[in-house]
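Novice: Based on what follows, work out the 3D shape:
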Amino acid sequence: MPRVKRLDIRGASDEEKHRHYEAVDALYRQGKAVTVKEHKSGFPAVTVDCGDIRLLTDCLTLEVWWAAFGRQRPAPQQTTQ
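Specialist: Numbers count the residues shown, from 1 in each chain. This is a model prediction of the structure:
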């Protein structure tokens, strides 16, 4: 199975990471599934997949973003596809 090419944002600024997380959130709110998995390199690296977005990031920044921004939004509308 071929490897998935991921955008590595681990070294990016928090602001840049948050822009990527917002893009994932927008797709999630459109009904796209989001998958977060530990990366083979180990803690704190995680992969985030949603639609065409494939990220390699750190779970610490993702958790901070989720606590600050993700929980303030209403739950997305469930759609059947």
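Novice: Quick one: the strands in this structure, in order.
Specialist: 7-8, 34-38, 45-50, 53-58 (DSSP state E).
Novice: partners of the second one, with directions?
Specialist: The sheet places strand 34-38 alongside strand 45-50 (antiparallel), with pairing taken from DSSP bridges.
Novice: and what of the last one?
Specialist: Each strand paired with strand 53-58, and its direction, by DSSP bridges: strand 7-8 (parallel), strand 45-50 (antiparallel).
Novice: any idea which of these is most buried?
Specialist: Highest mean neighbour count among those (mean count of other Cβ atoms under 10 Å): strand 45-50, with a mean of 18. All C-beta atoms are positioned from the backbone trio N, CA, C, and that covers glycine.
Novice: shaky segments in the protein?
Specialist: Residue ranges of the chain with pLDDT under 70: 1-3, 70-81.
Novice: where do the helices sit along it?
Specialist: 14-29, 59-68 (DSSP state H).
Novice: Which of the ones you listed sits closest to F43?
Specialist: Proximity to F43 (Cβ to Cβ) singles out helix 59-68 among the helices of the chain, at 7.3 Å.
Novice: From L62, how far out is the residue nearest to the spatial centre of the chain?
Specialist: Central residue of the chain (Cα atoms, centre = their mean): V48, 4.3 Å from the mean position. Noted for V48: a distance of 7 Å to L62, by Cβ to Cβ, to the nearest Å.
Novice: residues shared between the contacts of the two?
Specialist: Y21, V36 (Cβ atoms under 8 Å, 6 or more residues apart in numbering).
Novice: one step back: export the helices of the chain to CSV and append columns for distance to V4 and mean neighbour count.
Specialist: Putting the helices of the chain into CSV (distance: least, Cβ to Cβ, whole Å; neighbours: other Cβ atoms under 10 Å) gives the following:
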stretch, distance to V4, mean neighbour count
helix 14-29, 15, 15
helix 59-68, 18, 15
